[in-house]
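Student: one predicted model, sequence on top.
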Amino acid sequence: DAGITQSPRHKVTETGTPVTLRCHQTENHRYMYWYRQDPGHGLRLIHYSYGVKDTDKGEVSDGYSVSRSKTEDFLLTLESATSSQTSVYFCAISSWSGSGNEQFFGPGTRLTVL
Amino acid sequence: QQQVKQSPQSLIVQKGGISIINCAYENTAFDYFPWYQQFPGKGPALLIAIRPDVSEKKEGRFTISFNKSAKQFSLHIMDSQPGDSATYFCAASRGNQGGKLIFGQGTELSVKP
């Protein structure tokens, strides 16, 4: 998994509860991403970071916030979880090659909001 | 204009056959087109990628064909094997947008022995 870990790997929570997911990389890459995966939608970008304290929104950012205080850690927070945020969440890092921006994904976090 | 449409949604192929998955995009500013392979319970893994200045790229049994004028690209898996059974995603991105990937909806491939 390209030096990427995600924690927790599974979480069940209740509606209205705050939840924080952590992505940790050992590769010292500048760019990090959070995606969610849902049946029929592929993967959709939530937020991404292009450096420490530098973040930007993706296509499905409503209800989510992120923080990056260190190069190796990218946190995704659901301030008040809703059932629509039940999903599998993937973190990715990128490495620029001759072909383009190659992204490598972590193992994922399965989140269930009851 | 940011969409990437992928077909078919599911595909069953006999061992040794050719698997073909198609994707179409709208945004002509996209300049990087990767394919990912995902096994159940795992994260997507980069399989092969192409840039629009190349019409075909081959890596082992996997080939991307790219048609810039039609805004379409496809993945061909030659001599398909049961171990290729997985979900495949196409994607596209623009280099000047932080490499944000726009994914297709995915194709579940099953290769029968």
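Tutor: That came through, no problem.

Student: quick one: the strands in the chain, in order.
Tutor: All of this is about chain A. Along chain A, counting by DSSP state E, strands occupy A:4-7, A:10-13, A:19-25, A:32-38, A:42-51, A:54-57, A:64-70, A:73-78, A:87-96, A:101-105, A:109-113.

Student: chain B, not that one
Tutor: Here chain B has its strands, by DSSP E, at B:4-7, B:10-14, B:19-25, B:33-38, B:45-50, B:56-59, B:62-67, B:72-77, B:86-92, B:102-103, B:107-112.

Student: for those strands, give me JSON lines that also has mean pLDDT.
Tutor: Formatted as JSON lines, the strands of chain B follow (pLDDT from 0 to 100):
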{"stretch": "strand B:4-7", "mean pLDDT": "96"}
{"stretch": "strand B:10-14", "mean pLDDT": "98"}
{"stretch": "strand B:19-25", "mean pLDDT": "98"}
{"stretch": "strand B:33-38", "mean pLDDT": "96"}
{"stretch": "strand B:45-50", "mean pLDDT": "94"}
{"stretch": "strand B:56-59", "mean pLDDT": "96"}
{"stretch": "strand B:62-67", "mean pLDDT": "96"}
{"stretch": "strand B:72-77", "mean pLDDT": "98"}
{"stretch": "strand B:86-92", "mean pLDDT": "96"}
{"stretch": "strand B:102-103", "mean pLDDT": "94"}
{"stretch": "strand B:107-112", "mean pLDDT": "97"}
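
Student: A:S61: which of the ones you listed is closest?
Tutor: Closest approach to A:S61 among these (CB to CB): strand B:102-103, 14.7 Å. (Each C-beta comes from the backbone N, C-alpha and C, glycine too.)

Student: what lines up beside that closest one in the sheet?
Tutor: With DSSP bridges as the test, strand B:102-103 is paired with strand B:86-92 (antiparallel).

Student: what lies in contact with the partner strand?
Tutor: Strand B:86-92 is contacted from outside by A:42-43, B:4, B:6, B:21, B:23, B:25, B:27, B:30, B:32-39, B:44, B:47, B:73, B:75, B:101-104, B:106-109, using CB atoms under 8 Å, 6 or more residues apart in numbering or on different chains.
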